[in-house]
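just a sequence and a predicted model for now, questions to come.
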Amino acid sequence: MLSDRRQRVLCALIEEYVARAMPVGSRTLAERYHLGVSSATVRNDLSALEGAGFITQPHTSAGRIPTDAGYRAFVDELISSGIADEEDPHSEIVNELRSSARELDALMEQTSAALMRLTDCLSIVVAPSVFSAHVRQFSLISLSNYSALIVIVAEDGQVLNRQISFAEEVLPDELASVQNLLNRVFAGKSPREFRAACDVQALEALRDPLAQYVLDEVLACLQESDIGRVRRLGISSLMKKPEFSSSSSLLPLMKALEDESVLDDVFDARDEGVDVVVRIGEENSSEDLSGVSVIASAYGRGDGEGIVAVVGPTRMDYSRVIRAVRAAQHVLRDS
């Protein structure tokens, strides 16, 4: 447990290091942060913090930089003091996103872009799996007697579509009949519940070749959408950070983030009632993420949860990023 003074010294060192990306000395802290003690006292506090593993000295003649443990103590203090919960500074952006995007796909794109601008880091928005979302409505729109457009509207706002072709002529009335069948049997249910939703009468109707073909195309549309449910923006922002100035440090990170389960793992060990999860450096389960921090929040419910996250160097403005992620979560949650 740190004393109040050493907590202030640690916070000041982290704020200085986040701003300048340079090792921090005792004189700098004493002069810039009004700690109320001499440079010599600050130097003693830095030695104590280093001995406790909160900071380290990269070179003998250099100042100190935070360790993962130092960042963790800093973030825990932010959260416990309520600083990260203060009035949302991004309310205008939140309101703009809510009013400008009516469909989840568009909202995800715009939220990811806003999150990247607010944090100057990599933003990731993962849509809830369509296999968990309940389908509100199926529409089959005739484009000609030999082609049609399938439109699937989910309860969570996702809209999927797929163009299909017919080997033989299909009249609009036939298409309407299949549309009515799909809505009668499957509307209000998730794709995972489709099989259980089929009673004897429905199974008999779905043996019709046209109905069978359209249902196969509906399932293919859902599967393809589930593969592409991740929006990532901000790789160029990461490349500007000194921590990722070389491609060798960035490529393992990008490769790791291609696996959606990496973000799912962030939530496996979260405490109940925690809305924003912070994983710092080696706290991440993936070794390729050991040099970054992941700030993430879930939106949606149960199996239908989506994820909004920011990934950046451990040297990040945690208060700003936590607030931005929380704002994005509120937008997506209320969509």
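Yes, it's here.

just the strands in the stretch 101-250 of the chain please.
In the stretch 101-250 of the chain, the segments counted as strands under DSSP state E, counting those that start in this stretch are 122-126, 135-144, 147-154, 159-165, 230-233.

select, out of the ones you listed, the one closest to residue 203.
Set against residue 203 and scored by CB to CB, the strands of the stretch 101-250 of the chain come closest in strand 135-144, at 17.7 Å. The way it works is simple: take the backbone N, C-alpha and C, and place the C-beta from them, glycine included.

off-centre distance for the closest one?
31 Å (CA atoms, centre = their mean, to the nearest Å).

all further residue positions should be reported with the first residue as 40.
Noted, 40 is the first residue going forward, which turns the last one into strand 174-183.

next, the angle from it to strand 198-204.
30 degrees (axes from the mean of the first three to the mean of the last three CA atoms, to 10 degrees).

residues touching strand 174-183, excluding its own?
187-194, 202, 209, 211, 214-215, 217-218, 221-222, 225-230, 253, 257 (CB atoms under 8 Å, 6 or more residues apart in numbering).

convert that strand to CSV, retaining C-alpha atoms only.
What follows is strand 174-183, C-alpha atoms only, in CSV (Å, rounded to 0.1, in the frame of the first residue of the first chain):
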residue,chain,number,x,y,z
VAL,A,174,-34.2,-12.1,-36.2
ARG,A,175,-36.9,-9.4,-36.5
GLN,A,176,-37.8,-9.9,-40.1
PHE,A,177,-36.9,-11.7,-43.4
SER,A,178,-37.6,-9.9,-46.7
LEU,A,179,-37.2,-11.4,-50.1
ILE,A,180,-37.1,-8.7,-52.8
SER,A,181,-37.6,-9.8,-56.4
LEU,A,182,-35.0,-8.3,-58.7
SER,A,183,-36.1,-10.3,-61.7
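
can you list the strands that it pairs with?
strand 186-193 (antiparallel) (DSSP bridges).

what residues sit buried inside the partner strand?
The neighbour-count check on strand 186-193 (16 or more other CB atoms under 10 Å) flags 187, 189-193 as buried.

so where is this structure shaky, pLDDT-wise?
For the chain, the stretches flagged by pLDDT under 70 are 122-143, 267, 299-300, 303-312, 340-343, 373-374.

is the closest residue in space to residue 215 that isn't next to it in sequence in a bridge, and if so with what?
Among residues not flanking residue 215 along the chain, residue 179 sits closest, at 7.3 Å (CB to CB, 6 or more residues apart in numbering). As for beta bridges, residue 179 partners with residue 189 under DSSP bridges.

just checking, what packs against the longest helix anywhere in the chain?
In the chain, taking DSSP state H as the definition, the longest helix is helix 248-266. For helix 248-266, the packing partners by 3 or more CB pairs under 8 Å, 6 or more residues apart in numbering; DSSP states H and E come out as strand 186-193, strand 198-204, helix 211-225.

which of those sits most buried?
Comparing the helices and strands packed on helix 248-266 by mean neighbour count (mean count of other CB atoms under 10 Å), strand 186-193 comes out on top with a mean of 19.

tell me how far it lies from the chain's centre.
28 Å.

ok, back up a step: wait, which of the strands of the stretch 140-289 of the chain is closest to residue 248?
strand 198-204 (13.5 Å).

which other helices and strands contact that closest one?
strand 186-193, helix 248-266.

which residues touch that strand?
Under CB under 8 Å, 6+ apart, the answer for strand 198-204 is 142-144, 169, 182, 185-193, 252-253, 256-257, 259-261, 263-264.

so how far is residue 319 from residue 109?
In this structure, residue 109 and residue 319 are 9 Å apart, going by CB to CB, to the nearest Å.

and what of residue 150?
Distance from residue 150 to residue 319, by CB to CB: 24 Å.

between those two, which one's more packed in?
residue 150 (27 against 23; other CB atoms under 10 Å).

residues contacting that one?
Neighbours of residue 150 in contact, by CB under 8 Å, 6+ apart: 136, 164, 347, 367, 370-371.

count of neighbours near the nearest residue to it once chain neighbours are set aside?
Nearest non-adjacent residue to residue 150, counting by CB to CB, 6+ apart: residue 367, 5.1 Å away. Other residues near residue 367 come to 29 when the count uses other CB under 10 Å.
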